[in-house]
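>>> turn this into a model:
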Amino acid sequence: MTTPPIYNPVIPFTMGLAMQPGLMMHLQGKPTGSEFHINLKAGLEADADIALHFNPRFSPEKIIVRNTYSKGRWGVEERRISSFPFSLGEHFEMVILCQEHQFKVTVNGCHVLEYEHRIPVRSVKYLIVEDAVVLTTVRRSVEFPSKARPPKLFKNPGVPLSATVPFSNLKGHKIVINGIPLDQEPRKFTFDLRGAPPDNDIYMHMDSRFAQRRIVRNSMLRGKWGGEERQLAIPFPFYPGVPYKITIHVEEQSFRVVLNGMEIFRFNHRKRPLTLIGQVDFHGSTDISCVKFK
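Take a look at the predicted model:
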């Protein structure tokens, strides 16, 4: 379930929430200064508990400070990240996913961090964004419940999207994606085959970059990216406003990727068993008309 987006909200921005596992908060915007704050708060009072304080800072060093404020006191800060995903004046697409035991944050389609809950997550009632950032779009959606039978077909689902794999073992199946790159200066779009929580590994990351005219493939295991693969059987095949059909065949030794009926690459499995693959994430400069698991 997705709520209508809020466009170009004024900063500071406040949105009411009914926090629960599966809730996703989608934010698009641009940093404009030395730091900004995103707080998931239990109330609007100055001393209300904060389940997640998310604070990107550009100086004196580029870090993302995370913390929790509870019963009038701040906890221990977390600062460690593998890379800093924001650039001053550059557009970002950020997703905060509430899971049963943690928040998971992605920026521009790439996993950034997890933050374990320190206070009951259902106490959170508000999303508050402050300081040096301009927001262009804010919306929230609910991830399909993991205990229910996931759908095999998604029509016009919207991007970003996390689609739950409807099979206990993806091997022998295929994922068919129909879409169209945005017709005005697309930057990139990504498809990630991920483990089901608590497994946050990315089994295959497919990153189509328009500026470089490359499709970069990789995996992220235990928080570390592996070696990139870039060779294609054909020239860069995507164009703004031109529809595509991608079929990802999950085979014994590799993911075999076919575009518009032509195989463009194979990506050998770097982690097993494939039964751990639980979701496919879609981000970036593309519209998607249909996702089908077969």
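>>> what's across from the closest residue in space to Lys155 that isn't next to it in sequence in the sheet?
In space, and not counting its chain neighbours, Lys155 is closest to Cys290: 5.6 Å by C-beta to C-beta, 6 or more residues apart in numbering. For every residue, glycine as well, the C-beta is placed using N, CA and C. Note on Cys290: beta-bridge partners Lys155, Asn178, judged by DSSP bridges.
>>> repeat that for Lys30.
When bridges are called by DSSP bridges, Lys30 pairs up with Val134.
>>> run a quick neighbour tally on it.
16 (other C-beta atoms under 10 Å).
>>> next one: it from Leu23, what distance?
24 Å (C-beta to C-beta, to the nearest Å).
>>> run through the strands of the stretch 1-150 of the chain in chain order.
6-7, 13-16, 23-41, 50-57, 63-70, 73-74, 92-98, 102-107, 110-116, 126-142 (DSSP state E, counting those that start in this stretch).
>>> mind putting those in a markdown table, distance to Asp207 included?
Formatted as a markdown table, the strands of the stretch 1-150 of the chain follow (distance: least, C-beta to C-beta, whole Å):
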| stretch | distance to Asp207 |
| --- | --- |
| strand 6-7 | 27 |
| strand 13-16 | 30 |
| strand 23-41 | 18 |
| strand 50-57 | 22 |
| strand 63-70 | 21 |
| strand 73-74 | 37 |
| strand 92-98 | 14 |
| strand 102-107 | 13 |
| strand 110-116 | 8 |
| strand 126-142 | 22 |
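>>> to His249, which of the ones you listed lies closest?
strand 110-116 (24.3 Å; C-beta to C-beta).
>>> neighbouring strands for the closest one, and are they parallel or not?
When DSSP bridges is applied, strand 110-116 pairs with strand 102-107 (antiparallel).
>>> the closest residue to Asn39 other than its chain neighbours: neighbour count?
Excluding the flanking residues, the one nearest Asn39 by C-beta to C-beta, 6+ apart is Ile128, at 4.6 Å. The number of residues packed near Ile128 is 17, by other C-beta under 10 Å.
>>> tell me where the model's unsure across the stretch 1-150 of the chain.
Residue ranges of the stretch 1-150 of the chain with pLDDT under 70: 1-2, 143-150.
>>> let's see it at 90
The stretch 1-150 of the chain contains residues with pLDDT under 90 at 1-5, 18, 20-22, 80-83, 99-101, 108-111, 141-150.
>>> could you pull up phi and psi at the nearest residue to Pro237 once chain neighbours are set aside?
In this structure, Pro237 finds its nearest non-sequential neighbour in Leu259, 5.5 Å apart by C-beta to C-beta, 6+ apart. Backbone torsions of Leu259, given as degrees, to the nearest 10, read phi -120, psi 120.
>>> ok, the residue lying closest to Val65 once chain neighbours are set aside to Asn156 distance?
Once flanking residues are discounted, Val65 sits nearest to Asn55: 4.2 Å by C-beta to C-beta, 6+ apart. Applying C-beta to C-beta, the value for Asn55 to Asn156 is 35 Å.
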